[in-house]
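A.B. asks: One predicted model, sequence on top.
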Amino acid sequence: MVLDVTGSNPVTHPEMSWTVDSGQSERSAAIGRLPHAVHGLLNLNKPTGMTSRDAVNRVQQLLPRKTKVGHAGTLDPLANGVLIVAIGAATRLIDDVQAHGKGYRAGLRLGVRSDTDDVTGELTPGGDPSRITSATVQTALSPYVGEISQIPPRYSAVHVDGRRAYTLARRDQAFELTARRVQVESITLIEQSGADVTIDIVCGSGTYIRSIIRDLGEDLGCGAVMTSLTRTFIGPFQMADALPLADVNATTFTSHIHPLRSVLRDEACFQATETDCADLLKGRGVAWPTSLALTNRPIAVLDPTGELFAFAAWNESRQLLMPQRVFPR
């Protein structure tokens, strides 16, 4: 967790790693906001019935004004589960969070079709699913594992000629969506009760679960719609550790902030000095650490506290490690 703010009359809290301006603290307390700057990632459990942006706005109400806030991976109102809220310097790491694998538990119903590919849309009867067994479903799921091609739902945030697909769909305008390649690591059939099926999916960024369910229903000859969706994890961020939105307050918020370095996977790390960080912040290169082998991949630069400070890469012509992205706090 990295929390810091500066002011003319600082009051240092020995039990915490931030500094608070006393005047700012009083003003923030009066309106229920945290009195200090925040930089990190919040693993939020978004409830059903609201947009991801609405959930982020609830969190933003706790933060000092003008704090940058974003989220990684939109969950539709029907869906719940892990929603990573990026705060402060962490907003520059949203793509890195997105690059992690994701897990979902999805409910689906056979024998129904929908214009939205889920139960929130206009439902029409499909074929009779009464003879479809769990073994049949399991076999039909197999082709959806690996690198697959899928067409996003018409009601989705995909851009079509500069406009969102859902905007065009709501206006009943004709348009075509291009198939895209996505990665599905695994699909596990959890249970089947009549026409209702539950599956677990582990997949890469950009995968539409509704599309998998829609296409599965067509393969089975009866149609299918998504009835529920829970995101169970994104990379290291697990559902079991997610903070329910209803429980978000100043106390729970600060205890659930994850540091920027949480996004790291197998990147090589360079422990930088304060001088190195100052140079990188100004766009200057630093000497290559002799403890690291030369690599073409980005290097994660950690500041003296062990927090992620920058991504850098080796510049052969300059013989220096040059900054690519810096996360000042």
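C.D. replies: On my side now, so go ahead.
A.B. asks: going forward, measure contacts and count neighbours with C-alpha atoms only.
C.D. replies: OK.
A.B. asks: Kindly state the domain boundaries assigned to this protein.
C.D. replies: Following automatic domain parsing, one finds the domains of the chain at 2-99+237-262, 102-234, 267-326.
A.B. asks: Tell me how far the longest one lies from the chain's centre.
C.D. replies: This means domain 102-234. 20 Å (CA atoms, centre = their mean, to the nearest Å).
A.B. asks: what's the answer for the last one, then?
C.D. replies: Mean-position distance between domain 267-326 and its chain equals 26 Å (CA atoms, centre = their mean).
A.B. asks: swap in the first one?
C.D. replies: Taking the mean of its C-alpha atoms, domain 2-99+237-262 sits 14 Å from the chain's own mean (CA atoms, centre = their mean).
A.B. asks: Need phi/psi at residue 133.
C.D. replies: phi -100, psi 170 (degrees, to the nearest 10).
A.B. asks: Give me the number of neighbouring residues for residue 43.
C.D. replies: Counted with other CA atoms under 10 Å, residues neighbouring residue 43 total 28.
A.B. asks: quick one, what contacts it?
C.D. replies: 82-85, 237-238, 241-243, 256-258 (CA atoms under 8 Å, 6 or more residues apart in numbering).
A.B. asks: ok, back up a step: and the domains of the chain as JSON lines, adding mean pLDDT?
C.D. replies: Shown next, in JSON lines, are the domains of the chain (pLDDT from 0 to 100):
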{"stretch": "domain 2-99+237-262", "mean pLDDT": "78"}
{"stretch": "domain 102-234", "mean pLDDT": "96"}
{"stretch": "domain 267-326", "mean pLDDT": "89"}
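A.B. asks: Report the buried members of the contacts of residue 43.
C.D. replies: Using 16 or more other CA atoms under 10 Å as the burial test, the contacts of residue 43 include 82-85, 237-238, 242-243, 256-258 as buried.
A.B. asks: From these, which land in strands?
C.D. replies: Judged by DSSP state E, the subset of the buried ones among the contacts of residue 43 located in strands is 82-85, 237-238, 243, 257-258.
A.B. asks: Those residues into TSV, with extra columns for distance to residue 140?
C.D. replies: Converted to TSV, these look like this (distance: CA to CA, whole Å):
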residue	distance to residue 140
82	28
83	30
84	32
85	36
237	30
238	29
243	36
257	41
258	39
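A.B. asks: on that earlier part again, closest one to residue 307 out of the contacts of residue 43, please.
C.D. replies: Nearest to residue 307, judged by CA to CA, of those is residue 258 at 10.6 Å.
A.B. asks: which of the ones in strands among the buried ones among the contacts of residue 43 lies closest to residue 69?
C.D. replies: Using CA to CA, residue 85 comes nearest to residue 69 of those, at 7.0 Å.
A.B. asks: Kindly state the beta-bridge partners for the closest one.
C.D. replies: residue 42, residue 71 (DSSP bridges).
A.B. asks: circling back: now render the buried ones among the contacts of residue 43 as a markdown table, adding distance to residue 321.
C.D. replies: A markdown table is the format used below for the buried ones among the contacts of residue 43 (distance: CA to CA, whole Å):
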| residue | distance to residue 321 |
| --- | --- |
| 82 | 35 |
| 83 | 34 |
| 84 | 30 |
| 85 | 30 |
| 237 | 30 |
| 238 | 34 |
| 242 | 36 |
| 243 | 38 |
| 256 | 33 |
| 257 | 30 |
| 258 | 27 |
